[in-house]
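Asker: fold the stuff below for me.
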Amino acid sequence: MNSTVTVYSATWCAFCKMAKEYLASKDVAYKEVDIDHDQTAAMYIVNKTGQAGIPVIQIGDEFIVGFDRPKIDAALEDQKIT
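Answerer: Numbers count the residues shown, from 1 in each chain. Below is the predicted model:
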């Protein structure tokens, strides 16, 4: 499946680290975008989600704000990633 997983995060964010560790524990490959170094990406997620919080995890066309295991698991299942 060509679905991609992207984690918009920052190095100082503890929940971002937890989200990335959770995806890694499930053997889910993901692209990491550091919003502190990519202001275009930061504005993109604010425009998509209406919120400025991180992490934002994009799975396919779905955006999950925060480290929400049930939502992450459901989105991964929907995209047939796990």
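Asker: ok, Gln58 - contacts?
Answerer: 4-8, 64 (C-beta atoms under 8 Å, 6 or more residues apart in numbering). (C-beta placed from N, C-alpha, C; glycine too.)
Asker: center of the protein, which residue is that?
Answerer: Centroid check for the chain by C-alpha atoms, centre = their mean gives Ile57 as the closest residue, at 1.6 Å.
Asker: what's the per-residue pLDDT of that residue here?
Answerer: Residue-level confidence at Ile57 comes out at 97, pLDDT.
Asker: which element is it on?
Answerer: Assigned by DSSP states H and E, Ile57 belongs to strand 56-59.
Asker: tally of neighbours for the residue lying closest to the residue nearest to the centre of the chain once chain neighbours are set aside?
Answerer: Distances taken as C-beta to C-beta, 6 or more residues apart in numbering put Ile64 closest to Ile57, at 4.5 Å, once the chain neighbours are dropped. Counted by other C-beta atoms under 10 Å, the residues lying close to Ile64 total 20.
Asker: Ser25 too?
Answerer: 8.
Asker: picking up where we left off before, so which of the contacts of Gln58 wins on neighbours?
Answerer: Tyr8 (25 neighbours).
Asker: tell me how far that residue lies from Lys80.
Answerer: Tyr8 sits 22 Å away from Lys80, going by C-beta to C-beta, to the nearest Å.
Asker: over to Phe67?
Answerer: For Phe67, the distance to Lys80 - C-beta to C-beta - is 22 Å.
Asker: before we move on, the earlier item: who does the stretch of helix or strand the residue nearest to Ile57 belongs to touch, helix- and strand-wise?
Answerer: Using DSSP H and E, Ile64 sits within strand 62-65. The contact analysis (3 or more C-beta pairs under 8 Å, 6 or more residues apart in numbering; DSSP states H and E) places strand 62-65 against helix 39-49, strand 56-59, helix 69-78.
Asker: dump these to a markdown table, plus distance to Glu32.
Answerer: Below are the helices and strands packed on strand 62-65 laid out as a markdown table (distance: least, C-beta to C-beta, whole Å):
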| stretch | distance to Glu32 |
| --- | --- |
| helix 39-49 | 10 |
| strand 56-59 | 11 |
| helix 69-78 | 15 |
